[in-house]
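Enquirer: All I have is the shape, not the residue letters:
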C-alpha cells in the first residue's frame, strides 16, 4: 500500500525522541508491506475519528490514517500521531 504523511504530522514526528522516530519508520515500513500485520493492531475507529483507522507504533503511541483512491491505487494518508491519551482523551 502506498503511504503518505500529512506535512504537519511529519513535522511533529521530527521533534520526537529518536527511538519513537525509529519505531515509527519501522512500523510504517511494515504497514506498507502488510497493513494487516498483527503487530500493528490495525483497527477501525469510532468518534471522534469515525471512518479512520489506527495502528500501534509503540505500546503507547498510535498513528491514525484514512484511505482513499488515487489513480486506481489505494493510499493510506496518515494525519494524526500521538500517545493514546493525547489522541483519545478529550
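Expert: That came through fine. What you see is a predicted model, and the numbers here were worked out from it, not measured in a lab.
Enquirer: partner residues bridging residue 80?
Expert: With DSSP bridges as the criterion, the beta-bridge partners of residue 80 are residue 64.
Enquirer: What separation do you get for it and residue 9?
Expert: For residue 80, the distance to residue 9 under the criterion Cβ to Cβ, to the nearest Å works out to 7 Å. From N, CA and C alone the C-beta is placed, and that goes for glycine too.
Enquirer: Residue 78: neighbouring residues, count only.
Expert: By other Cβ atoms under 10 Å, 22 other residues sit near residue 78.
Enquirer: whoops, residue 36 was the one
Expert: The local packing count at residue 36 equals 8, with neighbours defined by other Cβ under 10 Å.
Enquirer: Setting aside sequence neighbours, what's the nearest residue to it?
Expert: With sequence-adjacent residues excluded and distances taken as Cβ to Cβ, 6 or more residues apart in numbering, residue 36 is closest to residue 42, at 5.8 Å.
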